[in-house]
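[1] just coords:
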């Protein structure tokens, strides 16, 4: 056993050293040669441990993220094959993730890559067709949101914190590349083909990391009940380029009715009494999304209105609020929470265009009657319809 532990520590150190060398500017070929000399295979968990150790030692997440493409290529031919029977069960989240990846690969390899070649050769309809195919590729956002909102919380729960941060950063890069490629095509810019190719290359590399690093790690630690929770919430986000999969039921558990979301009894408030059922329905009827983060900086509650601006899943309950945001915006979230918690500010507002929506996001410090900080309330609303209101509409016609 001690020899196995020593070998594992040695192999982890080799991976760390190789990534550092890449960071310092060594070529991929040089690193590949050293990698081959050191050992023949490496497990997904060892890659995770190496990335985590680098971040713990002070290497910024963005730097590990920058190396992601390179070390994926270096480790790509050496990650050991891991048996994943769950991938053969329709409806299991692993099967669904892989089905989406196969659909993404088909779109990229059979339509987008040939479209890029046609655009470069000056095909008459190449730009129009490539733009349509890139629009289809934007469905990858559903795939990434499921990963970020459903899988990453469980990885963090089991202490796997570095891969989610790195992957989320690359996910955002891919989203931006797809958007920029579409904009360049619309503008007739000659760089459109290169930008589109960069987008599909990064998306293909992310598929590799998902299936050879992320999924094996999750399969090592998640219980059937946890996978079931992921499966149950996936439909709320939607599916990427595939039809809705069948309902999956773990073999070792019986189908169960959803736990009661409403308990008996009234809640006595300063201005009246409401039942739990009424409170739940009332909050979900509001024409806004609300999320509450407690004073310990963990997500405590979110509303479930019909039209929601941002996806929320039950997996985020108890998750640190900083882990619910892309790495690039974490420092902004930390600053907002710190200002609200300290009393420097009582609220902070942001507004962004998102598709056809004009999203107004407001953060409020929640304090009790004595002024003690209880947490942060996030209120989100699509105000585009509100901005279109003109004139007057009265209850009583004069």
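    The structure has been received and is ready for your questions. Keep in mind that this is a model prediction, so the values were computed, not measured.
[2] Residue 191 reaches residue 180, doesn't it?
    No. Counting by Cβ atoms under 8 Å, residue 180 is not a contact partner of residue 191; they are 9.1 Å apart. Just so you know, the C-beta spots here come from the backbone N, C-alpha and C atoms, and that holds for glycine as well.
[3] who's more crowded, those two?
    For residue 191 versus residue 180, neighbours defined as other Cβ atoms under 10 Å are more numerous around residue 180 (17 against 13).
[4] and that one, what is it in contact with?
    residue 195 (Cβ atoms under 8 Å, 6 or more residues apart in numbering).
[5] How about the secondary structure of it?
    Secondary structure, DSSP: H, G, I helix; E, B strand; the rest coil: residue 180 is helix.
[6] What score does it have for pLDDT?
    Residue 180 carries a pLDDT score of 96 in this model.
[7] One more: residue 386?
    89.
[8] Also residue 150?
    For residue 150, pLDDT reads 94.
[9] How about residue 283?
    pLDDT, residue 283: 90.
[10] quick check, it in a helix?
    Yes. Counting by three-state DSSP, residue 283 is part of a helix.
[11] which ones are touching the closest residue to it other than its chain neighbours?
    Of all residues not flanking residue 283 in the chain, residue 303 sits nearest, at 4.7 Å (Cβ to Cβ, 6 or more residues apart in numbering). If you count contacts by Cβ under 8 Å, 6+ apart, residue 303 has them with 283, 284, 286, 288, 289, 290, 291.
[12] Out of the residues you listed, name the ones that lie in helices.
    283, 284 (DSSP state H).
[13] Of the contacts of residue 303, select the buried ones using a ChimeraX command.
    Per 16 or more other Cβ atoms under 10 Å, the buried members of the contacts of residue 303 correspond to this ChimeraX selection:
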select :288,289,290,291
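[14] out of the contacts of residue 303, which one sits closest to residue 185?
    If you rank the contacts of residue 303 by distance to residue 185 using Cβ to Cβ, residue 289 comes first, at 33.1 Å.
[15] Could you give the bridge partners of that closest one?
    For residue 289, the beta-bridge partners under DSSP bridges are residue 380.
[16] How much space separates it from residue 381?
    Distance, residue 289 to residue 381, by Cβ to Cβ, to the nearest Å: 7 Å.
[17] who touches both of the two?
    Taking Cβ under 8 Å, 6+ apart as the contact rule, residue 289 and residue 381 both touch residue 309.
[18] Against residue 392, how distant is the residue nearest to residue 283?
    Counting by Cβ to Cβ, the gap from residue 303 to residue 392 is 30 Å.
[19] Can you name the helix or strand that residue 144 falls in?
    Assessed by DSSP states H and E, residue 144 sits inside helix 140-146.
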